[in-house]
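S.K.: sequence first, then the predicted structure:
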Amino acid sequence: MTTNIIQLANAVRFLSIDAVQKANSGHPGMPMGMADVATVLFKDHLRFNPQNPSWINRDRFILSAGHGSMLLYSLLYLTGYKDFTIEALKNFRQMNSICAGHPEYKKNSGIETTTGPLGQGLGNAVGLAVGEEIYRKKFSSSIVDHKTYAIASDGDLMEGISHEAMSLAGHLKLKNLIVFFDNNKISIDGPTSLSFSDDYKKRFESYGWNFFEVNGHNHKQISNAIKKASKSKKPNIISCKTVIGFGSPNKSGKASSHGSPLGDEEIELVRKKLKWPHTSFEIPIDILKTWRKIGERGISLEKKWSSNLNSKNSKIKNELESMQKNTKLDNLDSLINVEKEKYFKEKPSKATRECSSMTIELVTKLLPEIIGGSADLSGSNNTKTKNSKIISSNDFNGNYIHYGIREHGMAAAMNGLALYGGLIPYGGTFLIFSDYCKPSIRLSALMGLKVIYVFSHDSIGLGEDGPTHQPIEQLAGLRAIPNLNVFRPADMNETLECWQIALKSKKTPSVIALSRQKLPYINPFHSKESKSELGAYVVNTTSQNSVVTLVASGSEVELALQAQKELKEINIDSKVVSMPCQELFNQQNNDYKNEIINKELPVITIEASSVSSWEKYSKYNMGIETFGASAPFKEVYKHFNLTTAKIVELTKRLIKK
Ligand SMILES: Cc1ncc(C[n+]2csc(CCOP(=O)(O)OP(=O)(O)O)c2C)c(N)n1
């Protein structure tokens with residue numbers, strides 16, 4: 001241990017202490033405890049370039065224990081990331097500050113992912129490490145060969161998601177993944193012994209990880225463990241025995257340092273104890289210079305890397321660029337249009353999960369950067385196609401991951417894949433189990449990532465599996481998430497269009513809910529323009545003077561169209577609207593919205609699901625407000641009064657005929 005490195009670590013500690021104190025809120029204990037580990041990592045191991053935070057071959061650094069955000073912000077400031085000025089640090093936790101309470105992903109800033117919900121960062125790190133393997137395989141280790149580092153706390157490792165994520169990483173032998181476990185044995189309620197007695201070593205080794213143990217305040221031990229981990233053939237976890245609130249005479253080793261400012265008096269005592277005589281936010285120039293030099297090393301690292309890349313065949317360089325920027329997406333529209341035209345002629349009656357499969361097969365031919373998968377429901381979600389090539393521990397030259405029954409881990413890993421750069425992940429399970437992915441879906445939306453969730457078996461239409469498997473409130477719950485497009489296509493045409501929108505979407509993740517049961521082709525006219533892009537459109541009107549509007553999504557569009565026929569037989573004219581995406585419809589101008597849903601006439605909405613997300617369009621909502629039932633699907637529909645007879649009956653009542 002040289003004095004210098006202790007001072008470097010203390011700079012991280014005191015910036016964290018001071019920022020939390022100034023904000024009068026935050027978590028000083030974790031950054032104080034992990035400052036040594038982070039300093040060794042950034043000083044001697046991490047490859048990064050603050051001048052270009054998006055350099056594709058940088059090592060990724062994920063702070064899964066997001067509550068320790070000041071650790072990250074201090075490091076980004078000290079090493080010279082331009083968004084992280086001393087002023088920004090002083091604005092910790094204030095409105096619009098880059099130094100938010102928990103790290104919030106911002107492209108090109110140095111914050112690789114949004115963390116705070118414990119365990120998510122670890123799941124992201126697994127996805128990022130898979131991303132690295134995929135890129136390395138495609139472009140060779142002379143172009144892509146970097147590590148993914150993460151810091152995980154007791155809380156991260158207690159969360160269920162950590163089991164899924166780490167088990168998957170072990171299975172895939174993600175050797176470039178190195179996790180530091182902040183083993184301070186303290187969480188909010190007190191010592192972790194209150195609730196936890198797992199044997200970590202056995203646990204991690206059984207996943208197929210290397211387990212190292214170091215004193216997290218011993219720089220040499222930390223560095224040696226990183227060196228060993230760097231050469232391994234498996235994922236690595238370095239358990240760092242640390243003291244939370246290190247340096248605080250009265251609060252170190254105690255839960256009291258976890259989540260509140262230390263207080264002025266205690267801070268003075270820490271300054272004395274750690275021999276840091278400087279004022280609040282003051283970093284002596286020599287220490288700052290040393291840190292900045294560490295950051296500057298990245299410039300030459302990247303330069304060297306670039307000249308190596310430039311010396312290669314230009315085809316490789318172009319491919320790398322094309323993959324990162326998804327340039328092949330430019331050809332998507334024409335590809336989709338050809339298919340739309342073809343199916344307009346064929347008018348296939350198919351379950352939309354099959355339509356989705358046909359679309360996936362099509363688009364994966366064009367876009368090698370699409371990385372699919374399923375949580376053990378490939379055949380049911382129809383996510384695996386003839387173009388799917390399995391990714392395994394000995395072959396990352398594929399585009400499909402068997403995630404196993406690990407929905408939460410899958411969703412978090414997909415966020416990591418999307419964050420990697422250029423990769424477009426999609427992953428499947430039943431809509432009912434979207435609940436198992438929900439915390440990660442929320443983060444896809446919060447971060448604005450292009451992640452595509454393929455959720456089949458989207459209603460009581462799945463039939464005999466019964467209420468445990470029949471989603472009721474899931475669509476409404478997903479629609480309540482800001483910045484998430486929830487698609488529920490009705491036929492092949494809409495499925496193609498929904499996939500097209502999802503793939504082109506820049507900052508919004510997508511859910512595509514798909515039927516298990518066969519549905520008719522409902523698209524009445526061929527148009528190159530995407531109708532689904534408007535969120536809703538008129539499928540059929542029996543007269544310009546329709547007296548009722550029937551609005552439905554997915555499988556219930558068929559029901560609405562049948563009811564329309566029956567209404568016509570008794571001289572009631574109606575308009576049927578398909579609404580594959582409420583979020584996109586809500587974004588249209590008022591003229592269009594009024595044209596589609598004329599509120600002067602009765603509007604009936606029909607969806608085999610909770611009605612709560614439809615009440616904004618109408619008072620008359622046909623749906624399901626209880627759990628489902630176990631029976632053949634047509635009977636279940638009848639049981640819940642989702643029938644044409646009931647639509648006709650309600651219409652008659654509303655128009656008083
Ligand atoms: C999913 C989730 N549950 C609960 C919390 C609230 N929370 C924040 S930190 C924390 C645990 C703190 O213990 P640890 O992870 O050991 O962090 P340390 O005390 O070492 O900083 C909890 C429960 C959270 N952020 N995420």
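M.R.: That came through, no problem. The structure displayed is predicted, hence computed values, not measured ones.
S.K.: quick check: whatever residue of the chain ends up closest to the ligand vs residue 450, distance?
M.R.: At 2.6 Å from the ligand, residue 155 is the closest residue in the chain, using CB to the nearest ligand atom. (C-beta placed from N, C-alpha, C; glycine too.) Taking CB to CB, to the nearest Å as the measure, residue 155 falls 29 Å from residue 450.
S.K.: residue 564 now?
M.R.: Residue 564 is 37 Å from residue 450, by CB to CB.
S.K.: and those two? Which one has more around it.
M.R.: Taking neighbours as other CB atoms under 10 Å, residue 564 and residue 450 compare with residue 564 leading, 26 against 23.
S.K.: on contacts alone, who are the packing partners of the strand or helix carrying the more buried one?
M.R.: With secondary structure defined by DSSP states H and E, residue 564 is part of helix 556-569. Applying 3 or more CB pairs under 8 Å, 6 or more residues apart in numbering; DSSP states H and E, one finds that helix 556-569 contacts strand 537-541, strand 548-552, strand 574-578, strand 603-606, helix 644-655.
S.K.: can you pull the buried residues of the helix or strand harbouring residue 320?
M.R.: Element membership of residue 320, judged by DSSP H and E, is helix 314-325. By neighbour count with 16 or more other CB atoms under 10 Å, helix 314-325 contains the buried residues 317, 320, 323, 324.
S.K.: gap between the second one and residue 367?
M.R.: Distance, residue 320 to residue 367, by CB to CB: 15 Å.
S.K.: quick revisit: chain center to the helix holding residue 320, what's the gap?
M.R.: In terms of CA atoms, centre = their mean, to the nearest Å, the gap separating the centre of helix 314-325 from the centre of its chain is 25 Å.
S.K.: and residue 179, what are its phi and psi?
M.R.: Per-residue torsions, residue 179: phi -110, psi 130 (degrees, to the nearest 10).
S.K.: and it, what's its pLDDT?
M.R.: We have a pLDDT of 99 for residue 179.
S.K.: test my guess that it contacts residue 239.
M.R.: No - Residue 179 lies out of contact with residue 239 (CB atoms under 8 Å); the separation is 9.4 Å.
S.K.: higher neighbour count, those two?
M.R.: Under the neighbour definition other CB under 10 Å, residue 179 and residue 239 were set side by side, and residue 179 has more, 30 against 20.
S.K.: so what's the more buried one bridging to?
M.R.: residue 150, residue 237 (DSSP bridges).
S.K.: who are the contact partners of it?
M.R.: By CB atoms under 8 Å, 6 or more residues apart in numbering, residue 179 lies in contact with 122, 125, 149, 150, 151, 152, 235, 236, 237, 238.
S.K.: which pair of these spans the longest distance?
M.R.: Taking CB to CB, the two most distant members of the contacts of residue 179 are 151 and 235; they sit 14.7 Å apart.
S.K.: on that earlier part again, which of the contacts of residue 179 tops the neighbour count?
M.R.: In terms of neighbours by other CB under 10 Å, the contacts of residue 179 top out with residue 125 at 34 neighbours.
S.K.: which SS class is it?
M.R.: Classification of residue 125 using DSSP: H, G, I helix; E, B strand; the rest coil returns helix.
S.K.: so what's it closest to, chain neighbours aside?
M.R.: Using CB to CB, 6 or more residues apart in numbering and skipping the chain neighbours, the partner closest in space to residue 125 is residue 150 (4.0 Å).
S.K.: swap in residue 378?
M.R.: Residue 378's closest residue in space is residue 384 (CB to CB, 6+ apart), at 4.1 Å.
S.K.: I'd assumed residue 408 was in contact with residue 160.
M.R.: Yes - counting by CB under 8 Å, residue 160 touches residue 408, with 6.8 Å between them.
S.K.: more crowded one of those two?
M.R.: Comparing residue 160 with residue 408 by other CB under 10 Å, the one with more neighbours is residue 408, at 25 against 12.
S.K.: quick check: which element contains that one?
M.R.: For residue 408, the host element (DSSP H and E) is helix 407-420.
S.K.: got the angle for that helix vs helix 314-325?
M.R.: Helix 407-420 runs at 130 degrees relative to helix 314-325, counting by axes from the mean of the first three to the mean of the last three CA atoms, to 10 degrees.
S.K.: average pLDDT across helix 407-420?
M.R.: Helix 407-420 comes out with an average pLDDT of 98.
S.K.: one more: stretch 587-599?
M.R.: 96.
S.K.: what does that stretch rub up against?
M.R.: For stretch 587-599, the surrounding residues in contact (CB under 8 Å, 6+ apart) are 534, 535, 536, 537, 538, 549, 551, 577, 585, 603, 617, 618.
S.K.: got the contact list for residue 328?
M.R.: With contacts defined as CB under 8 Å, 6+ apart, the neighbours of residue 328 are 322, 366, 367, 368, 369.
S.K.: likewise for residue 267?
M.R.: 17, 18, 21.
S.K.: so which of those residues wins on neighbours?
M.R.: Using other CB under 10 Å as the neighbour test, these are led by residue 17, with 31 neighbours.
S.K.: for the protein, which spans come out with low pLDDT?
M.R.: Counting by pLDDT under 70, the ranges of the chain that qualify are 1-3, 657.
S.K.: what about 50?
M.R.: For the chain, residues meeting the criterion pLDDT under 50 lie at 1-2.
S.K.: quick check: residues of it near the ligand?
M.R.: 29-30, 65, 67-68, 116-118, 153-155, 159, 182, 184, 186-188, 244, 258 (CB under 6 Å from any ligand atom).
S.K.: kindly recompute the last result at 8 Å.
M.R.: Listed as neighbours of the ligand in the chain under the rule CB under 8 Å from any ligand atom: 27, 29-30, 33, 65-68, 102, 116-120, 153-156, 158-159, 182, 184-188, 192, 244, 255, 258-259, 439.
S.K.: now the buried members of the contacts of stretch 587-599.
M.R.: Buried subset of these (neighbour count, 16+ other CB under 10 Å): 534, 535, 536, 537, 549, 551, 577, 585, 603, 617, 618.
S.K.: what about the fourth one, distance to residue 65?
M.R.: So that's residue 537. 47 Å.
S.K.: then the second one?
M.R.: According to CB to CB, residue 535 and residue 65 sit 39 Å apart.
S.K.: mind giving me the ChimeraX command for buried ones among the contacts of residue 328?
M.R.: Buried residues among the contacts of residue 328 (16+ other CB under 10 Å), as a ChimeraX selection:
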select :366,367,368,369
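S.K.: for the contacts of residue 328, work out which two are farthest apart.
M.R.: With CB to CB as the measure, no two of these lie farther apart than 322 and 366, at 11.6 Å.
S.K.: my read is that residue 212 contacts residue 225, right?
M.R.: Yes - using CB under 8 Å, residue 212 is in contact with residue 225, at 4.3 Å.
S.K.: who touches both of the two?
M.R.: Common neighbours of residue 212 and residue 225 (criterion: CB under 8 Å, 6+ apart): residue 238.
S.K.: residue 573 - how many residues pack around it?
M.R.: Neighbour count of residue 573, defined by other CB under 10 Å: 15.
S.K.: what's near enough to touch it?
M.R.: By CB under 8 Å, 6+ apart, the residues touching residue 573 are 541, 542, 543, 545, 546, 547, 567.
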